[in-house]
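Chemist: Have a look at this prediction, sequence included:
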Amino acid sequence: MAFPIDPMKTKYWPEIFGESGSVTTSASGEEIGEYSNYGDYIVQLVNLATTHETATGGVPTSAIRVNTDAGDNMINSMLSARGHIDNAIHVKVTGKDSLSIYGYYPSGGAAELMRYRYSLRITKPTVYEKLLYGIKLTDDEKVLDDKFEISKKIAAGTLSGQSEHTYTKIYEIAKSITASSGANPTVGQIVHPLDGQKAVLLGISTEEHTTANEVFISVTRDGEQVMKLDSYGFKAQSDYQTNTAADDYQEQLNYEMPLYVVATDKLRVWIENSGSAITSFKVRFRYGIAPLTILERVKWGLPLTDDEKMLADTYDLEDSAKAGVF
């Protein structure tokens, strides 16, 4: 695990961070990711991709296991029955207090190299989300539940608690990078949202580097590094397919890791190369530009102008943000 996601780096929740890498599976379970002690946040596994393995001679292959505070084996999937790594599966497994991911092989199996990619959604749950996930409300939150009739509306099916993300622009940056060992080139340009806007990193795709823990795709937002993806986890081909000059099929570039990383000042996607020099190394990402709303400023504790404070009071945005009703 080259650079584990740190839920406490979440600033503009809910955010979705990604992780990629490789482990050699073990009988007891080799740790891929383990998350706990994240304060007021909860984490949710929302996207999961692994290499595909085919059982031979009746020997079971490795599996991936996800445990949470709700219990073990919330996911317990044989790799041979999962899709290939360019086809990530959408899931939703919530860790209120802890979440852990392991690669293991069952009795009769053998250790194998497993590459993986996954996305974690991290948020400070609203009253709506707490009711949905069975998290105990504080006395103040119970008042908000009564005020907005959240429990009743959930039971009636009239409240979704979700706001639609609307972007004024969505851009794709796709580059072929050449860099020496120890170089940290930026992919494209650093994104600087204008005043009153936010930039949102929506997805990343990268070519496979052939050695683990050497070439990383890193993300820095507002001056803080929040992600570091091992490009070795973006496997170039399925087990059944050769990648020759004739077909030149690189399925890792078909896959875009879904993300939601917000920047209000600057967003940088860059290559961290601690291995040998790379030539024509391909990286792609997408980002959206959207207004930075008063509701978001209130939710994230950002400063407000006097006019914005007046609107926040008029529309009761502070309680609305805590309640999760928009």
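Modeler: Cool, got the structure. All figures in this text were calculated on a predicted structure; none of them were measured in a lab.

Chemist: What residues of stretch 185-196 count as buried?
Modeler: Judged by neighbour count (16 or more other C-beta atoms under 10 Å), stretch 185-196 contains these buried residues: Pro185, Val187, Gly188, Val191, Pro193. Where you see a C-beta, it was placed from the backbone N, CA and C, and this is true even at glycine.

Chemist: Also stretch 73-86?
Modeler: Across stretch 73-86, burial judged by 16+ other C-beta under 10 Å covers Met74, Ile75, Ser77, Met78, Leu79, Arg82, His84, Ile85, Asp86.

Chemist: now swap in stretch 100-115 and tell me
Modeler: The neighbour-count check on stretch 100-115 (16+ other C-beta under 10 Å) flags Ser100, Ile101, Tyr102, Gly103, Tyr104, Tyr105, Gly109, Met114, Arg115 as buried.

Chemist: can you redo the residues you listed as a markdown table with pLDDT and secondary structure?
Modeler: Formatted as a markdown table, the buried residues of stretch 100-115 follow (pLDDT from 0 to 100; DSSP: H, G, I helix; E, B strand; the rest coil):
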| residue | pLDDT | secondary structure |
| --- | --- | --- |
| Ser100 | 96 | strand |
| Ile101 | 96 | strand |
| Tyr102 | 95 | strand |
| Gly103 | 94 | strand |
| Tyr104 | 93 | strand |
| Tyr105 | 90 | coil |
| Gly109 | 80 | coil |
| Met114 | 90 | strand |
| Arg115 | 90 | strand |
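
Chemist: now, the most widely separated pair of the residues you listed?
Modeler: Ser100 and Gly109 (20.3 Å; C-beta to C-beta).

Chemist: how about the strands in the stretch 51-200 of the chain?
Modeler: 63-68, 71-78, 89-95, 98-104, 113-123, 169-179, 197-206 (DSSP state E, counting those that start in this stretch).

Chemist: Including distance to Gly324, could those strands go into a markdown table?
Modeler: Below are the strands of the stretch 51-200 of the chain laid out as a markdown table (distance: least, C-beta to C-beta, whole Å):
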| stretch | distance to Gly324 |
| --- | --- |
| strand 63-68 | 21 |
| strand 71-78 | 24 |
| strand 89-95 | 15 |
| strand 98-104 | 21 |
| strand 113-123 | 10 |
| strand 169-179 | 26 |
| strand 197-206 | 20 |
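
Chemist: With that, I have no additional questions.
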